[in-house]
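Undergrad: I'd like to go over a predicted model; first the sequence, then the structure.
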Amino acid sequence: MTHLKRYNLLLIITLTFCSIAFGQARDTTTNDKKNIYDVPQQKGNVNDYEHLFSNEQTKYLNSLITNFENRTTIKIAIVTIDTTMISKDNFDDFILQIINNWGAGQKEKNNGVLIAISSGYRKIRIQNGSGIDKVLSNVQTLKLIEKFFVPGFEQGEMYNGTLKGLLELMEKLK
């Protein structure tokens, strides 16, 4: 099996698991969510704990997201996860806890999106708030990842892959 096919298969398996896990996680409606992991505090729209982006790139991504939120009220956050933060097996649970702690857009609309990337684990996950699910399905999200994020990532261009994927995500959501 070629490297690309293995990578795509891993993405499909991850997204399938994520959609099941997120569906279960959304059923919790109490504010007493237990923090199993040490979730970092959100510091803006782009939280680059893996240091994938330069300061200028981070500022640009932040400004794109802020402008988009001002036009649409949809909140997007990007987080990069260093392998020292969590094990690969706990990546998906960690991302669910991050989105639950940080919130997913406006509380009454649940219109947020979290893009989580770990180049060390070769994983990406886009977690949509329930308000976004009505506009962008899991299948559409998977296609967006495969077509816009992954090609840049496979070339070692994490910023370009993220930028292209973010722009396409915004296009689909506006």
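TA: Done, it's in. Numbering: from 1, shown residues only.
Undergrad: Tell me where this structure has helices.
TA: 3-25, 55-72, 91-102, 130-133, 138-144, 150-154, 158-173 (DSSP state H).
Undergrad: Now mean neighbour count and mean pLDDT too, for the ones you listed, in TSV please.
TA: In this view, the C-beta of every residue, glycine as well, is placed from N, C-alpha and C. Compiled in TSV, the helices of the chain are given as follows (neighbours: other Cβ atoms under 10 Å; pLDDT from 0 to 100):
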stretch	mean neighbour count	mean pLDDT
helix 3-25	14	48
helix 55-72	15	96
helix 91-102	20	85
helix 130-133	18	81
helix 138-144	16	91
helix 150-154	17	94
helix 158-173	18	96
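Undergrad: Make TSV out of these and add distance to residue 38.
TA: Compiled in TSV, the helices of the chain are given as follows (distance: least, Cβ to Cβ, whole Å):
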stretch	distance to residue 38
helix 3-25	18
helix 55-72	22
helix 91-102	9
helix 130-133	26
helix 138-144	27
helix 150-154	26
helix 158-173	24
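Undergrad: how about the ones you listed, which one is nearest residue 49?
TA: Nearest to residue 49 among the helices of the chain is helix 91-102; the distance by Cβ to Cβ comes to 10.7 Å.
Undergrad: I'd like to know which elements that closest one is packed against.
TA: If contacts are counted by 3 or more Cβ pairs under 8 Å, 6 or more residues apart in numbering; DSSP states H and E, helix 91-102 sits against helix 3-25, strand 75-80, strand 112-118, strand 123-128.
Undergrad: Pairing partners for the last one, with directions?
TA: Strand 123-128 sits in its sheet next to strand 112-118 (antiparallel), going by DSSP bridges.
Undergrad: CA-only coordinates of the strand it pairs with in PDB, if you can.
TA: As requested, C-alpha coordinates have been extracted for strand 112-118 and formatted as PDB (Å, rounded to 0.1, in the frame of the first residue of the first chain):
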ATOM      1  CA  GLY A 112     -17.700  26.900  16.100                       C
ATOM      2  CA  VAL A 113     -15.000  24.900  14.400                       C
ATOM      3  CA  LEU A 114     -11.800  23.600  15.800                       C
ATOM      4  CA  ILE A 115      -9.000  22.600  13.400                       C
ATOM      5  CA  ALA A 116      -6.500  20.300  15.300                       C
ATOM      6  CA  ILE A 117      -3.200  19.400  13.700                       C
ATOM      7  CA  SER A 118      -0.400  17.200  14.900                       C
END
